[in-house]
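> Predicted model and sequence below, questions to follow.
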Amino acid sequence: MPMLDEKVMSEVKKVLAAMREPVTLRLYTQELECAYCKDTHTLLDELVEANPLLKLEVINFDEVKEDAAKEGIDKLPAIVVVGERDYGIRFYGIPAGYEFSSLLNAILMVSTKIVKLTDETKEFLAKLDKPVHLQVYVTPTCPYCPPSVILAHQLAMASKMVRADMVEASEFPHLVQKYSVQGVPRTVINEKWFVEGAAPEAMVIAKIKEALLDA
């Protein structure tokens with residue numbers, strides 16, 4: 001039985017019809033010790049059928065650990081959304097439930113290069129000279145999580161200094177404990193700073209500035 005039924009696939013095709021340039025979904029996976037790798041692979045196999053501009057590249061993590069580490073890939077399953085380059089857009093864990101919309105949004109953004117950020121944010125990102133790592137902790141049943149993921153991915157798309165991860169909390173309990181994630185969404189900035197809830201763009205940028213001053 002397909003993960004994307006006929007009705008859902010029809011809607012996905014309509015959404016992805018706006019694609020302009022090719023996008024590759026780079027899936028890092030392994031056969032053992034990865035509960036959601038198989039399901040994620042199946043989901044992406046079905047998804048790439050929605051538009052010929054969308055491709056899937058499956059990578060055995062065990063064979064590329066060193067290179068993957070350079071890209072910040074440290075947990076599985078991992079999806080990297082790649083256009084003409086790697087923009088630092090990551091999904092860790094299966095992008096199911098509400099987070100499926102975050103994946104579609106990332107695909108469209110990379111394909112069209114349309115980033116919906118304020119001029120003030122774009123100006124800040126243009127001058128950014130220190131790395132920023134955003135981890136947005138989510139669950140598939142959280143309707144408030146996608147806006148936080150989409151904002152983080154927009155920041156990564158707009159600046160080579162930003163890397164942004166969606167992290168499915170239930171799949172990585174050790175990280176939930178490490179970062180004291182008691183509710184979602186929770187955005188972790190450079191390991192030490194946090195934003196609770198679906199915070200607006202200006203608030204997230206202000207917190208990033210605080211984190212950078214502390215660096």
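That came in fine, so what should we check first? Numbering: from 1, shown residues only.

> make it CA atoms for all contacts and neighbour counts henceforth
Fine.

> Wait, a helix at residue 84?
No - going by DSSP: H, G, I helix; E, B strand; the rest coil, the assignment for residue 84 is coil, not a helix.

> Dump the lowest-mean-pLDDT helix or strand in the chain to CSV, restricted to CA.
Every helix and strand of the chain was ranked by mean pLDDT, DSSP states H and E. The lowest is helix 65-70, at a mean of 89. The C-alpha coordinates for helix 65-70 follow below in CSV (Å, rounded to 0.1, in the frame of the first residue of the first chain):
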residue,chain,number,x,y,z
LYS,A,65,30.8,8.5,7.1
GLU,A,66,33.8,10.9,6.8
ASP,A,67,32.4,12.9,3.9
ALA,A,68,29.0,13.0,5.5
ALA,A,69,30.5,14.3,8.7
LYS,A,70,31.9,17.2,6.8
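
> pLDDT score for residue 215?
We have a pLDDT of 70 for residue 215.

> tally of neighbours for it?
10 (other CA atoms under 10 Å).

> which stretches of this protein form strands?
23-29, 54-60, 78-82, 86-92, 132-138, 162-168, 186-189, 193-196 (DSSP state E).

> Could you dump those into CSV and include mean neighbour count?
Output for those, formatted as CSV (neighbours: other CA atoms under 10 Å):
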stretch, mean neighbour count
strand 23-29, 23
strand 54-60, 16
strand 78-82, 24
strand 86-92, 24
strand 132-138, 25
strand 162-168, 26
strand 186-189, 25
strand 193-196, 17
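
> Can you check which of those gets nearest to residue 35?
strand 23-29 (10.3 Å; CA to CA).

> Can you list the strands that the closest one pairs with?
strand 54-60 (parallel), strand 78-82 (antiparallel) (DSSP bridges).

> Give the full set of residues in contact with residue 60.
28, 29, 30 (CA atoms under 8 Å, 6 or more residues apart in numbering).

> oh sorry, the question was meant for residue 15
Residues near residue 15 by CA under 8 Å, 6+ apart: residue 104.

> Output the strands paired with strand 23-29 in CSV; the columns should cover distance to residue 134.
What follows is the strands paired with strand 23-29, written out as CSV (distance: least, CA to CA, whole Å):
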stretch, distance to residue 134
strand 54-60, 24
strand 78-82, 15
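
> Same list (those strands) but as a markdown table, adding mean pLDDT and distance to residue 45.
A markdown table is the format used below for the strands paired with strand 23-29 (pLDDT from 0 to 100; distance: least, CA to CA, whole Å):
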| stretch | mean pLDDT | distance to residue 45 |
| --- | --- | --- |
| strand 54-60 | 97 | 7 |
| strand 78-82 | 98 | 13 |
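
> Once you drop chain neighbours, what's closest to residue 58?
Leaving aside its sequence neighbours, residue 58 sits nearest to residue 27 (CA to CA, 6 or more residues apart in numbering; 4.8 Å).

> I'd guessed residue 50 sits against residue 16; true?
Yes - Residue 50 lies in contact with residue 16 (CA atoms under 8 Å); the separation is 7.2 Å.

> coming back round to it: nearest to residue 144, out of the strands of the chain?
Proximity to residue 144 (CA to CA) singles out strand 132-138 among the strands of the chain, at 8.9 Å.
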